[in-house]
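# let's see this in three dimensions:
(one chain, ligands or ions: 2)
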Amino acid sequence: MAPQRSKPVETLRRDPPMGRGSSRARGDANCVGHSSHGIVLQPRPAAPKAPASTAPTNPLYNVSMASAPRVFTPLDRLIREFDRALRTVAGANVAGRPYPAEGIPESLTESESRRRAAALMRVNHAGEIAAQALYHGQALTARTPAVRESLVEAAREETDHLAWCEQRIGELGGRTSLLAPVWYAGSFAIGVAAGLAGDRNSLGFVVETEKQVAEHLDSHLSELPAGDDRSRQIVTQMQHDEQVHGANARDSGGIDLPGPVQRLMRATARVMTRTAYRI
Ligand SMILES: [Fe+2]
Ligand SMILES: [Fe+2]
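Ligands and ions are numbered 1, 2, ... in the order given. The predicted model follows:
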């Protein structure tokens, strides 16, 4: 964990509460307090540069605790994976990038159109849950730290997609798939198996997954109700990201998977998308 920047006590006391848009949530080092609170606003002094050492300055830590690399036991890993799964399916995902539909007016007013758009976005959301689970499963059994880290990073980037789909579904008055835990568990098991097949096969699995997801999103662009520009903008951004993810995996050494494996992946995805449209 990065060391905490030390802040003047007075400045910390006057910060607004943590929340969306608060100065602390944005990490804005020079933000000032709310004038409506009657507090004299003072620019916060520039944060000091982080020390070269990563050791915490808290005297409760001794040097050996701070510098020793953390060794994860199998139980640690099990708890970490369970925590990730809960966070993913609980719908508590926060995007790191702006919402693609921001500024686009809502045009869907007819209930049948809203229901259909929500169902399609629910399918996309289920796909993103599956992507998270696949990548975490693959990371767990990756052979090299570099591939493991790239898979964890890929899953992190998919969090934006999860959050955007959740937000859009909420706008349309819909709900996410009731089978989200099933999609996560099944995809995680597939990811573990893909990782055990070796890093080049595992990266090839990412290439094929992203290719199929991008194709699927392309079909949704034509299936979404006419005029639903907000959903279309989200799906278009996701499609672009998936293409980049696939290209990165190929550049990292991903190989083409055998035809039967590709067909099995398509069949599995078809079951998930048809089920998630309804449930
Ligand atoms: Fe995605
Ligand atoms: Fe992706």
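# which residue, neighbours along the chain excluded, lies closest to His245?
Once flanking residues are discounted, His245 sits nearest to Glu210: 4.7 Å by CB to CB, 6 or more residues apart in numbering. In this view, the C-beta of every residue, glycine as well, is placed from N, C-alpha and C.
# residue contacts, the one you found?
242-243, 245-246, 249 (CB atoms under 8 Å, 6 or more residues apart in numbering).
# now check stretch 146-154, is it near ligand 2?
No: figure legend: stretch 146-154 not in contact with ligand 2 (CB under 5 Å from the ion); closest approach 6.5 Å.
# need the CA coordinates for that stretch. PDB is fine.
In PDB, the C-alpha atoms belonging to stretch 146-154 read as follows (Å, rounded to 0.1, in the frame of the first residue of the first chain):
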ATOM      1  CA  ALA A 146       3.800 -10.800 -15.200                       C
ATOM      2  CA  VAL A 147       0.900 -12.700 -16.700                       C
ATOM      3  CA  ARG A 148      -0.800 -12.900 -13.300                       C
ATOM      4  CA  GLU A 149      -0.500  -9.100 -12.900                       C
ATOM      5  CA  SER A 150      -1.700  -8.400 -16.400                       C
ATOM      6  CA  LEU A 151      -4.800 -10.500 -15.800                       C
ATOM      7  CA  VAL A 152      -5.600  -8.800 -12.500                       C
ATOM      8  CA  GLU A 153      -5.100  -5.400 -14.300                       C
ATOM      9  CA  ALA A 154      -7.500  -6.500 -17.100                       C
END
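# how about the residue nearest to His245, secondary structure?
State at Glu210, reduced to three classes by DSSP: H, G, I helix; E, B strand; the rest coil: helix.
# measure it to ligand 2 for me?
Distance of Glu210 to ligand 2, given as CB to the ion, to the nearest Å: 5 Å.
# model confidence score at that residue, please.
Here the pLDDT value assigned to Glu210 is 90.
# ok, Ala130 next?
For Ala130, the predicted pLDDT is 90.
# repeat for Pro69
If you check Pro69, the pLDDT there is 64.
# excluding covalently adjacent residues, which one is nearest to the residue most central in space within the chain?
Most central in the chain under CA atoms, centre = their mean is Thr159, positioned 1.1 Å from the mean C-alpha point. Counting by CB to CB, 6+ apart, Thr159 lies nearest to Asn93, which is 5.2 Å off, once chain neighbours are set aside.
# please look at Arg87 and Asn93 and confirm they touch.
Yes: contact status for Arg87 versus Asn93: in contact at 7.3 Å, counting by CB atoms under 8 Å.
# the two: who's more crowded?
Set side by side, Arg87 and Asn93 show more neighbours around Asn93, with 22 against 14, by other CB atoms under 10 Å.
# please report how far the more buried one lies from ligand 1.
Distance from Asn93 to ligand 1, by CB to the ion: 12 Å.
# for that residue, grab phi and psi.
Torsion angles at Asn93 (phi, psi; degrees, to the nearest 10) stand at phi -90, psi 140.
# I'd say it and His125 touch.
No: counting by CB under 8 Å, His125 is not a contact partner of Asn93; they are 9.8 Å apart.
# mutual contacts of these two, please.
Shared contacts of Asn93 and His125 (CB under 8 Å, 6+ apart): 162, 166.
# cool, thanks, talk later.
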